[in-house]
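Peer 1: curious how this folds, go ahead:
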Amino acid sequence: MRIQIVDAFTDTPFTGNPAGVVLLPGSTAFPDPGSLQRVAAEVNLSETAFAHPLPPGGEADWALRWFTPSTEVDLCGHATLATAHVLHTAEAATGTVRFATRSGVLTSAVQGDGTITLDFPTAPLTPVETWAGVAEALGAAVLSAHDTGPQVGDLLIELADERTVRELTPDVRALGAHSRRGVIVTAPAEDPSLGHDFVSRCFFPNVGIDEDPVTGSAHTALAPFWSARLGRAELTGLQASARSGTVRTALRDARTLLTGSAVTVIDGELLTAL
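Peer 2: This next block holds a predicted model:
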């Protein structure tokens, strides 16, 4: 089987968020989850996606699962974008692709400019009191805090400005005590003329990822958060990790559209059977 490494939410190799993608053509079911987890641990990226085709006529075209190096997750944006990119470049799918996942049916569609738009559930935001120790673990003052619901599972933290987000050097281990997956930090863009409306960084120690380069699922929470503050349904987020990447968001009530580019950087062969 082929295994490909795709940089997602970027059109420049070696930036954005790399994901492993393994297509299982002709399969009717996934292999043992332990086998998938071992491959994901070997690939050792934020996520490795596994997909197999579904019979025609159903509510979805492909079944899709995502694994970090240490666990399976309920929702992943960049690895879904990477999978859609692989399906289209391999001509295994055209037009809109529907994925059956642990978070329901998610869709991807290729746009005229070659970008891919994902249709994801909007994360519900619930204001919370900042738990003791969060500001200390971050090393920065917290302006507001929101729970992002069960599918995303993060604590969304608003910080003072873009510079604070960029210069943050948190105690990642300490952050793990304050949410199921991790912590999203965000602030408004210092200069929106540069092409982004807000910035973010994401720390997910509880699923084996100290800092995720670009996180699609986090933007299902960032989109409603910043749309309410900036008064616009369509925004662009810059995830200010070392690799960096951009996510265009469009809020559609219960759904959030995430648009980005992807580029394949490695195309190889998985020699061990699953």
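Peer 1: the helices in the stretch 1-150 of the chain, which residues?
Peer 2: Assigned by DSSP state H, counting those that start in this stretch, the stretch 1-150 of the chain shows helices spanning 33-43, 78-89, 134-138, 149-152.
Peer 1: most tightly surrounded among those?
Peer 2: Counting by mean count of other Cβ atoms under 10 Å, helix 78-89 has the highest mean neighbour count of the helices of the stretch 1-150 of the chain, with a mean of 27. Bear in mind the C-beta positions are built from the backbone N, C-alpha and C, glycine included.
Peer 1: show me what it is packed against.
Peer 2: If contacts are counted by 3 or more Cβ pairs under 8 Å, 6 or more residues apart in numbering; DSSP states H and E, helix 78-89 sits against strand 2-8, strand 17-23, strand 47-53, strand 62-67, strand 97-101, strand 104-110, strand 116-121, strand 262-269.
Peer 1: mind putting the ones you listed into TSV with mean pLDDT, mean neighbour count and distance to Ser144?
Peer 2: As requested, those are exported to TSV (pLDDT from 0 to 100; neighbours: other Cβ atoms under 10 Å; distance: least, Cβ to Cβ, whole Å):
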stretch	mean pLDDT	mean neighbour count	distance to Ser144
strand 2-8	97	22	29
strand 17-23	97	26	26
strand 47-53	96	26	28
strand 62-67	97	23	29
strand 97-101	97	21	30
strand 104-110	97	17	29
strand 116-121	97	21	22
strand 262-269	97	14	32
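Peer 1: SS state for Arg173?
Peer 2: Using DSSP: H, G, I helix; E, B strand; the rest coil, the structure places Arg173 in helix.
Peer 1: burial check on it, number of neighbours?
Peer 2: Burial measure for Arg173: 11 neighbouring residues, criterion other Cβ atoms under 10 Å.
Peer 1: these two touch, right, it and Phe203?
Peer 2: No. Under the criterion of Cβ atoms under 8 Å, Arg173 makes no contact with Phe203, lying 10.0 Å away.
Peer 1: tabulate the helices of the stretch 1-150 of the chain in a markdown table, adding columns for distance to Ser227 and mean pLDDT.
Peer 2: Below are the helices of the stretch 1-150 of the chain laid out as a markdown table (distance: least, Cβ to Cβ, whole Å; pLDDT from 0 to 100):
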| stretch | distance to Ser227 | mean pLDDT |
| --- | --- | --- |
| helix 33-43 | 33 | 96 |
| helix 78-89 | 21 | 97 |
| helix 134-138 | 24 | 93 |
| helix 149-152 | 16 | 92 |
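Peer 1: which of the ones you listed sits closest to Asp61?
Peer 2: Asp61 lies closest to helix 78-89 among these, at 8.9 Å (Cβ to Cβ).
Peer 1: give me the angle between the closest one and strand 97-101.
Peer 2: Counting by axes from the mean of the first three to the mean of the last three Cα atoms, to 10 degrees, helix 78-89 lies at 140 degrees to strand 97-101.
Peer 1: let me know the angle separating helix 78-89 from strand 47-53.
Peer 2: 40 degrees.
Peer 1: on that earlier part again, now for the helices and strands packed on helix 78-89, which one comes closest to Arg38?
Peer 2: Among the helices and strands packed on helix 78-89, strand 62-67 comes nearest to Arg38, with 9.4 Å by Cβ to Cβ.
Peer 1: got the contact list for the residue lying farthest from the centre of the chain?
Peer 2: The outermost residue of the chain relative to its centre, with distances by Cα atoms, centre = their mean, is Gly57 at 28.5 Å. Residues in contact with Gly57 (Cβ atoms under 8 Å, 6 or more residues apart in numbering): none are found.
Peer 1: hmm, who's touching stretch 104-113?
Peer 2: With contact meaning Cβ under 8 Å, 6+ apart, stretch 104-113 is reached by 59-60, 64, 80-81, 83-84, 88, 95-99, 116-121, 259.
Peer 1: tabulate the helices of the stretch 1-150 of the chain (JSON lines), appending distance to Ala221.
Peer 2: Below are the helices of the stretch 1-150 of the chain laid out as JSON lines (distance: least, Cβ to Cβ, whole Å):
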{"stretch": "helix 33-43", "distance to Ala221": "24"}
{"stretch": "helix 78-89", "distance to Ala221": "15"}
{"stretch": "helix 134-138", "distance to Ala221": "16"}
{"stretch": "helix 149-152", "distance to Ala221": "6"}
